[in-house]
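Asker: prediction below, plus the sequence it came from.
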Amino acid sequence: MSVDVAPNRALFFRMLAAHTDRVVAGANATLRLITGLGDGDVRPDALIDEVNRNEASGDALRDEFIRMLLESFTTPISREKLHTLILDLDRVLDTLQSVANGIRTYHIERATPEARTMAALGADACLKLSRAVAALAERKRAAEVEPLCREVDAIELRSSEVLREAVTRLFAVEGSDADAWHAMKLRGFYFAQEAVVDNCRRAARTIEEILIETA
């Protein structure tokens with residue numbers, strides 16, 4: 001596919017917005033998956049496949065975005081920062097995919113309250129991140145960006161608290177070997193969930209750096 005050597009500012013941000021649409025869709029599917037575990041009306045395999053489709057679509061957008069960066073004579077902001085941002089956003093999708101596929105890997109049939117809370121926090125962080133990218137695209141909305149990034153930071157702190165509480169509860173009481181194995185599986189799953197929000201915070205910090213550079 002040929003790329004305009006001088007694409008306008010809007011094209012770069014449209015592609016970033018398209019990628020964050022996949023991030024939000026993947027996060028919402030992951031949330032529905034985790035909150036619906038054990039509910040006979042929810043089809044886990046279909047939701048896992050939905051997350052995987054969004055991740056694959058995000059990969060295609062990432063590759064096209066990087067190709068555009070390589071072939072464009074000018075970019076609206078630092079080429080390096082744009083490259084970092086698209087990779088940060090893609091890591092969010094990758095970790096959402098890891099969480100969704102972890103349902104199969106760890107054979108999780110019911111979600112704990114902590115897993116549901118972390119899934120909701122992850123979806124919220126992804127939505128805030130998407131809004132920050134949208135605001136970054138318009139100079140007149142620059143004032144909206146930093147508060148959204150701070151909200152992502154706050155969500156990450158809350159998610160870390162939930163993770164610590166969840167892991168502490170897992171190992172608070174000794175049980176059988178089967179109980180220990182179940183605790184180890186859930187621990188791995190919780191850390192996969194935390195990685196989603198960690199990567200949202202990483203992307204938010206890149207957005208803040210872009211905001212500072214373009215101020």
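Answerer: Thanks, I have it. Numbers count the residues shown, from 1 in each chain.
Asker: scan this protein for its longest helix.
Answerer: The helix spanning the most residues in the chain, taking DSSP state H as the definition, is helix 177-214.
Asker: now that one: mean pLDDT?
Answerer: What helix 177-214 shows for mean pLDDT is 91.
Asker: and residue 200, how many neighbours does it have?
Answerer: Residue 200 sits with 33 neighbouring residues when counted by other CB atoms under 10 Å. C-betas here are computed from N, CA, C, even on glycine.
Asker: still on that earlier bit, which parts of the longest helix of the chain are buried?
Answerer: Using 16 or more other CB atoms under 10 Å as the test for burial, helix 177-214 gives 182-183, 185-187, 189-190, 192-204, 206-208, 210-211.
Asker: how about stretch 51-67?
Answerer: By neighbour count on 16+ other CB under 10 Å, the buried set for stretch 51-67 is 51, 52, 54, 55, 57, 58, 59, 61, 62, 64, 65.
Asker: against residue 82, how distant is the last one?
Answerer: Computed as CB to CB, to the nearest Å, the residue 65 to residue 82 distance reads 8 Å.
Asker: and for those two, which residues touch both?
Answerer: residue 12 (CB atoms under 8 Å, 6 or more residues apart in numbering).
Asker: helices and strands around the least confident helix or strand in the chain by mean pLDDT, which ones?
Answerer: The least trusted helix or strand in the chain, going by mean pLDDT, DSSP states H and E, turns out to be helix 177-214, with a mean of 91. Counting by 3 or more CB pairs under 8 Å, 6 or more residues apart in numbering; DSSP states H and E, the packing neighbours recorded for helix 177-214 are helix 79-105, helix 113-136, helix 142-170.
Asker: in TSV: those helices, plus mean pLDDT.
Answerer: Below are the helices and strands packed on helix 177-214 laid out as TSV (pLDDT from 0 to 100):
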stretch	mean pLDDT
helix 79-105	96
helix 113-136	97
helix 142-170	95
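Asker: what's the neighbour count on residue 105?
Answerer: For residue 105, the neighbour count with other CB under 10 Å is 13.
Asker: repeat for the one 5 residues further on
Answerer: The local packing of residue 110 (other CB under 10 Å) involves 9 other residues.
Asker: so who does it touch?
Answerer: By CB under 8 Å, 6+ apart, the contact list for residue 110 reads 37, 38.
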